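# Here is a sequence with its predicted model. Questions after.
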Amino acid sequence: MRTSSTLLLAASLAAASSLASAAGTLIFCSEGSPAGFDPGQFTSGTDFDASAETIFNRLVQFQRGGTKLEPGLAEKWSVSPDGLTYTFNLRKGVKFHTTEYFKPTRDFNADDVLFTFNRMLDKDNPFRKAYPTEFPYFTDMGMNDNIVKIEKVDANTVRFVLKTVDASFLADLAMSFSSIQSAEYADKLLKEGRAQDINSKPIGTGPFIFKSYQKDASIRYAGNKQYWKKGDVKIDNLVFAITTDPSVRNQKLKAGECQVTVYPRPADLAGLKADPKVKVLSQSGFNLGYVAYNVKHKELSKLEVRQALDMAINKKAILSAVYQGSGQLATNPMPPTQWSYNKALKDAPYDIAKAKALLAKAGYPHGFSLNLWAMPVQRPYNPNAKLMAELIQSDWAKIGVKANIVTYEWGEYLKRAKSGEHDAMLIGWTGDNGDPDNWLGVLLGCDAMNGNNFSKFCYKPYEALIQKGKRSANVAERTKDYMQAQVIVKQQVPMTPIAHSTVNQPISTRVTGFLVSPFGLNSFYGVGIK
């Protein structure tokens with residue numbers, strides 16, 4: 001490992017050192033290549049960091065480093081007394097990016113909002129027909145069914161009309177997938193027969209302008225000197241140096257070849273904290289690492305099998321070996337800091353004998369074989385998926401279940417999993433908007449069956465509870481529904497929650513203004529470098 005890490009580091013030094021000497025340049029050692037730059041198409045933080053957090057804005061946004069909503073491209077908004085109509089007054093004078101491939105002739109207006117959401121809402125939208133794609137987060141949240149229409153009141157006012165009350169609607173609009181696209185640019189692409197360029201040559205209103213992308217190498221951005229939020233753009237150039245090996249990221253940070261990095265190995269933390277040129281920012285993770293069981297597959301469709309696999313996993317051993325003191329055991333499909341978390345629930349005990357008995361009851365006294373998918377990248381919720389998979393493989397072997405460990409490139413991993421190719425898989429989630437529905441609905445709801453519901457779990461009693469919770473404005477009633485929904489998850493075992501990890505973000509002491517996002521994103525507006 002040391003030899004390969006050294007070779008990788010040496011190969012990147014020449015390019016990185018020239019970047020580091022450029023005035024006003026910040027280099028971010030990211031962990032993976034984005035699948036594209038159209039935020040509506042994706043659900044991964046890797047994709048959102050490269051697009052939504054740099055190139056785009058939303059109507060409403062989360063405060064940097066927090067969960068509170070604040071105005072974005074909408075200066076203000078109002079909600080009708082029945083909770084079904086949202087009216088947004090749009091910010092005037094906001095400029096779309098000017099690049100080599102697009103020069104806007106007008107400012108941001110209502111047409112851009114209508115294009116952004118109608119493309120996700122209407123499968124017959126001309127642009128969507130020219131560039132067929134899906135919008136998994138939009139549908140995971142049930143917004144495709146609940147938005148009745150979006151109206152242009154005037155050039156600077158838009159109105160959303162909902163079918164039923166959605167307590168998380170505003171927060172959903174602040175999420176990355178709701179990033180506002182340019183209707184003028186889309187029209188240009190449509191006329192030129194290049195609609196797919198929206199995903200490779202992005203145009204937004206955000207703090208950074210896309211310049212170039214080399215897969216598995218780098219993404220380059222320029223600071224947006226016309227950015228509408230004065231004082232938020234403090235660097236001239238932003239570079240994502242894509243560095244998949246955590247050892248290399250660690251070395252590059254220490255060598256000054258990048259100024260911000262992600263997902264250090266727990267074993268490297270002590271060395272990073274001892275380095276006078278490095279500062280490690282830490283906070284409790286609003287996340288969950290878990291095993292998803294594909295309940296549509298033969299063996300895993302049986303409750304006794306899922307119960308057996310769940311109680312055969314030695315979670316304490318995983319916590320010790322994989323998280324090494326930087327995590328806590330998970331019980332529920334959400335972290336304890338999420339309101340409505342059910343503290344009364346307990347895990348089934350680790351019990352090999354009982355797990356074997358359950359398998360026999362299910363008709364598998366001699367076990368069976370399955371594929372266990374392991375992520376190829378480090379994520380906030382799982383610092384080492386390969387090691388975790390190996391530990392689970394060993395645990396399941398004790399009950400006669402042979403797990404074949406499978407992995408793919410990150411984008412392919414997610415794409416194949418969403419289509420249901422896996423048996424069991426390691427995956428996880430970092431909350432995106434602070435609402436319980438973002439866990440219970442997105443990870444296990446029927447609307448998310450083709451998206452982030454990797455368990456392919458659609459269970460009517462559970463679905464009724466989470467839908468009822470989402471449609472109510474009463475927090476106490478919502479809490480009651482969500483707590484009962486968590487009881488059903490423990491009973492039906494569509495997943496095994498493993499851990500909530502502490503987020504550690506190493507940065508150079510030269511960096512100013514960087515804040516750790518509770519949603520696991522990396523934002524560079526408001527960030528400077530000495």
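That came through fine. Residues are numbered from 1 along each chain as shown.

# Skipping adjacent residues, who's closest to Lys316 in space?
Closest residue to Lys316 apart from its sequence neighbours, by CB to CB, 6 or more residues apart in numbering: Leu329 at 7.0 Å. Any C-beta I mention is one placed from the backbone N, CA and C, and that applies to glycine too.

# Now do the same contact list for the one you found.
Lys315, Lys316, Leu319, Asp347, Ile498, Ala499 (CB atoms under 8 Å, 6 or more residues apart in numbering).

# Any of those buried? List them.
Using 16 or more other CB atoms under 10 Å as the burial test, the contacts of Leu329 include Lys315, Leu319, Asp347, Ile498, Ala499 as buried.

# In what element of secondary structure is the last one found?
Under the criterion of DSSP states H and E, Ala499 resides in strand 495-501.

# Quick check: neighbours of that strand in the sheet, parallel or antiparallel?
In the sheet, strand 495-501 lines up against strand 287-293 (antiparallel), strand 327-329 (antiparallel) (DSSP bridges).

# Show me what secondary structure element comes after the shortest one.
Meaning strand 327-329. helix 352-361.

# now could you export just the CA positions of that following helix as CSV?
This file holds the C-alpha atoms of helix 352-361, laid out as CSV (Å, rounded to 0.1, in the frame of the first residue of the first chain):
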residue,chain,number,x,y,z
ILE,A,352,-25.2,-17.3,15.9
ALA,A,353,-27.3,-20.3,17.2
LYS,A,354,-30.6,-18.4,16.8
ALA,A,355,-29.6,-17.2,13.4
LYS,A,356,-28.9,-20.7,12.2
ALA,A,357,-32.3,-21.8,13.6
LEU,A,358,-34.0,-19.0,11.7
LEU,A,359,-32.3,-20.0,8.5
ALA,A,360,-33.5,-23.6,9.0
LYS,A,361,-37.0,-22.4,9.6
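
# So for the following helix or strand past it, mean pLDDT?
Downstream of helix 352-361, the first helix or strand assigned by DSSP H and E is strand 369-373. Mean pLDDT, strand 369-373: 98.

# Give the buried residues for strand 369-373.
Residues of strand 369-373 classed as buried: Leu370, Leu372, Trp373 (neighbour count, 16+ other CB under 10 Å).

# now swap in stretch 487-502 and tell me
Residues 488-490, 492-502 are the ones in stretch 487-502 that count as buried (16+ other CB under 10 Å).

# Which of those sits closest to Ile55?
Nearest to Ile55 among the buried residues of stretch 487-502: Ser501, at 28.1 Å, using CB to CB.

# what's across from the closest one in the sheet?
Bridge pairing for Ser501 - DSSP bridges - gives Gly327.

# For it, give me its contacts.
Gly285, Asn287, Gly289, Tyr323, Ser326, Gly327, Pro380, Tyr381, Asn382, Pro383.

# Mind jotting down where the strands sit in the stretch 1-150 of the chain?
In the stretch 1-150 of the chain, the strands defined using DSSP state E, counting those that start in this stretch lie at 25-30, 60-62, 69-71, 74-79, 85-90, 147-154.

# sorry, back to before: same list (the buried residues of stretch 487-502) but as TSV, adding distance to Phe88 and pLDDT.
Listed next are the buried residues of stretch 487-502 as TSV, based on distance: CB to CB, whole Å; pLDDT from 0 to 100:
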residue	distance to Phe88	pLDDT
Ile488	36	98
Val489	35	98
Lys490	40	98
Gln492	39	98
Val493	42	98
Pro494	37	98
Met495	36	98
Thr496	41	98
Pro497	37	98
Ile498	40	98
Ala499	39	97
His500	35	95
Ser501	36	92
Thr502	37	90
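
# Tell me if I am right that Ile209 is in a helix.
No. Assignment of Ile209 by DSSP: H, G, I helix; E, B strand; the rest coil gives strand, placing it outside any helix.

# residue contacts, it?
For Ile209, the contacting residues are Ile55, His97, Thr98, Thr99, Tyr221, Ala222, Gly223, Asn224, by CB under 8 Å, 6+ apart.

# any weak-confidence spans in this protein?
Low-confidence segments of the chain (pLDDT under 70): 1-23.

# is it true that Tyr482 lies in a helix?
Yes. Counting by three-state DSSP, Tyr482 falls inside a helix.

# roughly how far apart are it and Tyr462?
Counting by CB to CB, to the nearest Å, the separation of Tyr482 from Tyr462 is 11 Å.

# Looking at the two, which has the bigger crowd around it?
A direct count of neighbours by other CB atoms under 10 Å for Tyr482 and Tyr462 places Tyr482 higher, at 26 against 23.

# Spatially, which residue comes closest to that one, not counting chain neighbours?
What sits nearest to Tyr482 in space, not counting adjacent residues and going by CB to CB, 6+ apart, is Ser340, at 4.0 Å.

# Near that neighbour, how many other residues are there?
Neighbour number of Ser340 under other CB under 10 Å is 22.
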